[in-house]
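Colleague: Just a sequence and a predicted model for now, questions to come.
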Amino acid sequence: MNVNDRTTATPFGNHHMKERLRKRSLQSITYLLLSLFSLIIAYPIYYAIISSLKTTSDYTADKIGLPSSPTLENFSRVLTQMNMFSFLLNTLLVVGVSMVVYFLVCTAAGFAFGKLRFKGRLWIFTFVLFIQIFPQMVIAGQLYQLISKMNLLNTHIGLILVWVAYFAPFGTYIMTTYYSSIPKSLVESARIDGAGVFQQLTRIMIPIARPMIGTLGIIGALAMWHELPFSMLILQRQELRTLTLGIALMQGEFGLPTTVLTAAILVTSGVPLILYIIFQNYITMGSTAGSVKG
Amino acid sequence: MNKIRNTIGVLLLCLLIATSAGSLFAQGQSATKDEGPITLTVWNFKYAEEIAGKAFQEMDKLFMEQNPGIIIDHQAQPESNYYQLLLSAFSAESDLDVFLTHTDQRAWGIAESFHVFDDEISDVMGNYAESALKACSETNSADSDIKILPLTAQGLGIYYNKANLAKAGLDPEAVPSDWDDFLAACEALKQAGITPIMFGNQGSPFGIDFTYRVILGTLFSGDEIDGFADGTTKFTSDEFVQATGMIKELYDRGYVNVTNGSIPYFMDAINEFKNGNGGFFPGLTSDIAHWKDFGEALGYENIGYFPAPVADNAAYPENQVNQGAGIGFAVTEYSAHREAAVKYAKFMTSGEAGKIFMDATGAIVPNSTIEVDASNPMLSEVLAHMNGATVPDILNRVPGGMIQDFYNFMNLYFIADEISQDEYIKRVQNIYESNL
Amino acid sequence: MQNRMSKKLRMSQDAKDGWILLAPLLVLTIVFLLYPVVSNFYYSLTKWKGLGEPQFIGLENYVKMFGDDRFYSSLKNLFVLVLYIPLGVFVPLLIASVLRGGMKGWKIYRALLYLPNILGPVILGTIFAVMLSQVGPITELLTRLGFEHASRFYLLGKSTSAINTLSFLFVVWMRVGFGCIYFLAAMSTIDASLYDAAKIDGTNAWQDFIHITIPGIKFSIQFFTVLAFIEVFARMYGMIFTLTGGGPGYATYTLEFGVYMLSFSAYQKGYASAWAVILFFFCAIIALVQIRLIKKEELS
């Protein structure tokens, strides 16, 4: 007889069954919450899809039904009016390069905070955490002046530097936590061998950080992809612009009809969505979610 | 393993260098060169729009054909943050030569960086409509401190669908511009199951906004409207209170399609009206929601127009709200290519280029060198009003910073119906004062 | 003796390495973040358009701010937003703890829950503005179902419902995806034998949750809460701008949004900087709490 099968009689009835009931009701509540939250995102997307396939008269006639005569005119308008393809390439380029720099900066700084011990470490860490809280609008004005004086206006480099400056503190924090949790022994051996900083970086720190690439990647890349205020200020030319600016540009003075707006939303979200579907299994932050039976 | 890592590292480094080189090169394209062609950087918040954008491209092509030494680098900018971008560009003296701008306080707030055109346009000043020049002058004068060259003469008015009015049993040829006639027409439309007034208020309450502007145009004199620029005229004035009451009456009587959630986005409202729904639409005279927009959709013989619904006690019943100029081109005061920039601005607001813009968008370009299509009765009618008794647009005079808050309170009062009229008036006056 | 010496050597070697490794981050943050943040203090004492020369006016901006309706509305709205934070932490916590036990259909839910993070606040703000508009599908649906005054159901149009909708969407709903994954990862570090021991003792799932799960990931919960505060005070611009524009009235105005409107819409950068300074103090408190948390964790 299995130890786990032991039931305890209580004044309120069979304990084991109550336990199962409670577990099931907890699960039902959770299913309910999950379904509700999923509906909140699923329906808008569904609505965006059907709206984008309607002509304006179709939309006026029936807002929530399926399109009576589906058309791709909204999508073609979005794609021809705005050079979405070039925006996409720019976004991929800028986010890609930024992520490399971001990863290097965060890993290096995370290692310094997490594994090394030196005077002033905590104070500097405090400073880094402190400085990353401020909203973009508070620094936008002066930042623009700086970038302009440094002749980095209208350059991808300028935006990359700003993005890394703004997003790296948080990434550094994540890496710091990660590195602190790694046994010192891994690092010690290399240092006793007399390895220089850069060798330590490439031979130890980066390989050790490999499990975190997913986490850091998702958090950093999404933040950068969606970033609007700095991109808008620094990239003032069409050929440099990113996807997130695309919708803002299309709206003109009075906005867009809903049919075109939804098409624009779908076009700009298309790539992140596809990437997400492909890579969603990597967004687990090192946990083995769902496969733990307990 | 090491080799692979090193190779990747080197490749990334190269990518980084390539990107920076590429970016520098891209910037270099608009950098000034002493010999060779001049490149003018132009910013335009309408360049990404479907119709206007194409028109601008054509106009640019024409300019470059006639001026082979100048290249036009036309950049679209988001309208929602346009003035933030301009402010930033001016404060850093960024690479910018010509830019499209409105003629309201959003522009005048940063106009110290606009170049003054007076000398350069003395030869063609007579071609521009006087009211347009005044709107483009920092001191409201027709011959000095002109910092913008007008591209459109924007006005507001009420359009109506004659067929729908007929369906409601009204005489489609009678113009229901008297307030009582207007209310009666709305009632008839409502009884006939037709949405009386098509307001597009979602997002920004343009429906309420436009109606305010036209009604106030009949209640205030031109000078009084000008008084909104410095606090002389107040929102607590009787006229504003009256206008508020009039619009509220429209809501209270259910003339503003509040049932079954039909207050759509402005653009959607335009489409609904163009699809034949609705009796009245408060619209513009240039650009969109105007004579050409509606005329082409519903047929010119089916569209009527009057400048404003006129209350019995309106002091200026004939007034047509005329901004003088809606949008225009300005030149940066620090531009390195001033001569070319001014030439371009003059070109784009007159003659052939102006005609291209007018034909494409239906905007009224206030320059006598542009032939107006006299055969279109709608256009002629609108022009007659625009050239008749006119009054400035209140929204061009109020401090730019108050507009968004003003809109938010319109929403709160008319649509959410959460505060009393007195409270609303008081708040609006507060917003106004804090932005002066 | 040799030990002490090698330790000292290691310390100074650490210091050298440390500074080299930190250099990129420090240079970037000092140049691009510190200078702009600190400049706000200076500009808050001036009257400045953002263009031309600032004019020194002392504390006038602060006087104006403390008499400004918008300021108090912003504080009130921030308060409402903060009230939703417990919910925003508890919901992913609950979901994660149940998911830890394995659940059917988890993959699909995970995909849908994380979707808001993928789309981003600007797109979400735009699409919800369409969805919840007075002529949106919700109203249409209700009308079809026979509700006569469905158009009264205008969530974003009435003050109370606007701020509550914004709070729910931003503080609770948008955080669920990231929260679940974050807490699941944290929970995977809890020693499984603790649960087994509890089972022998005959505890139920709820007790496990309270006595094992929550204490086990206490630091993660605290940190997630701090993150939520940061999001509320300093990351809401995109969603507010696209969803409601601060309205109706001042119902969805926050300090951050106010800084934007005053700087770039009203050309009152000096006054906006005063708001930024107040926001700075809120952020400073959050930062200090965060640092306290980390220090405690480090020492334990």
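Modeller: Everything's here; your move.
Colleague: before we move on, what SS does residue B:75 have?
Modeller: Taken by DSSP: H, G, I helix; E, B strand; the rest coil, the conformation at residue B:75 corresponds to strand.
Colleague: Which pLDDT does the model give it?
Modeller: Here the pLDDT value assigned to residue B:75 is 92.
Colleague: For it, grab the count of nearby residues.
Modeller: Each residue near residue B:75 was counted by other C-beta atoms under 10 Å in any protein chain shown, and the total is 19. Backbone N, C-alpha and C define where each C-beta goes, glycine included.
Colleague: beta partners of it?
Modeller: Taking DSSP bridges, one finds residue B:43 as the beta-bridge partners of residue B:75.
Colleague: Can you show me the helices along the stretch 51-200 of chain A?
Modeller: Along the stretch 51-200 of chain A, counting by DSSP state H, counting those that start in this stretch, helices occupy A:56-61, A:73-81, A:84-115, A:121-131, A:136-149, A:156-180, A:184-192, A:197-200.
Colleague: Just put those helices in JSON lines and tack on mean neighbour count, distance to residue C:196 and mean pLDDT.
Modeller: Formatted as JSON lines, the helices of the stretch 51-200 of chain A follow (neighbours: other C-beta atoms under 10 Å in any protein chain shown; distance: least, C-beta to C-beta, whole Å; pLDDT from 0 to 100):
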{"stretch": "helix A:56-61", "mean neighbour count": "20", "distance to residue C:196": "58", "mean pLDDT": "78"}
{"stretch": "helix A:73-81", "mean neighbour count": "17", "distance to residue C:196": "55", "mean pLDDT": "85"}
{"stretch": "helix A:84-115", "mean neighbour count": "22", "distance to residue C:196": "32", "mean pLDDT": "89"}
{"stretch": "helix A:121-131", "mean neighbour count": "18", "distance to residue C:196": "37", "mean pLDDT": "86"}
{"stretch": "helix A:136-149", "mean neighbour count": "22", "distance to residue C:196": "48", "mean pLDDT": "89"}
{"stretch": "helix A:156-180", "mean neighbour count": "24", "distance to residue C:196": "28", "mean pLDDT": "90"}
{"stretch": "helix A:184-192", "mean neighbour count": "13", "distance to residue C:196": "30", "mean pLDDT": "67"}
{"stretch": "helix A:197-200", "mean neighbour count": "16", "distance to residue C:196": "40", "mean pLDDT": "65"}
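Colleague: who wins for proximity to residue B:328 among the ones you listed?
Modeller: helix A:73-81 (23.8 Å; C-beta to C-beta).
Colleague: one step back: got the helices of the stretch 51-200 of chain A as TSV, with distance to chain C columns?
Modeller: Converted to TSV, the helices of the stretch 51-200 of chain A look like this (distance: least, C-beta to the nearest C-beta, whole Å):
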stretch	distance to chain C
helix A:56-61	10
helix A:73-81	14
helix A:84-115	4
helix A:121-131	4
helix A:136-149	3
helix A:156-180	4
helix A:184-192	8
helix A:197-200	5
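Colleague: Quick one: closest of the ones you listed to residue C:138.
Modeller: Among those, helix A:56-61 sits nearest to residue C:138 (C-beta to C-beta), with 15.8 Å.
Colleague: How many neighbouring residues does residue C:273 have?
Modeller: 26.
Colleague: That one: helix or strand, and which one exactly?
Modeller: Secondary structure from DSSP states H and E places residue C:273 in helix C:269-299.
Colleague: which helices and strands sit right next to that helix?
Modeller: Contacts defined by 3 or more C-beta pairs under 8 Å, 6 or more residues apart in numbering or on different chains; DSSP states H and E place helix C:269-299 against helix A:121-131, helix A:136-149, helix C:35-43, strand C:46-47, helix C:60-66, helix C:218-234, helix C:255-260.
Colleague: What count of nearby residues applies to the spatially closest residue to residue C:203 that is not a sequence neighbour?
Modeller: Among residues not flanking residue C:203 along the chain, residue C:211 sits closest, at 7.4 Å (C-beta to C-beta, 6 or more residues apart in numbering or on different chains). Other residues near residue C:211 come to 13 when the count uses other C-beta under 10 Å.
Colleague: Looks to me like residue C:211 is in a helix.
Modeller: Yes. The assignment for residue C:211 (three-state DSSP) places it in a helix.
Colleague: Could you check the pLDDT of it?
Modeller: Note for residue C:211: predicted pLDDT of 77.
Colleague: quick one on the thing from earlier: distance to residue B:375 added to the helices of the stretch 51-200 of chain A, as JSON lines?
Modeller: Output for the helices of the stretch 51-200 of chain A, formatted as JSON lines (distance: least, C-beta to C-beta, whole Å):
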{"stretch": "helix A:56-61", "distance to residue B:375": "29"}
{"stretch": "helix A:73-81", "distance to residue B:375": "31"}
{"stretch": "helix A:84-115", "distance to residue B:375": "40"}
{"stretch": "helix A:121-131", "distance to residue B:375": "66"}
{"stretch": "helix A:136-149", "distance to residue B:375": "50"}
{"stretch": "helix A:156-180", "distance to residue B:375": "52"}
{"stretch": "helix A:184-192", "distance to residue B:375": "85"}
{"stretch": "helix A:197-200", "distance to residue B:375": "78"}
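Colleague: Right, I'll leave it there.
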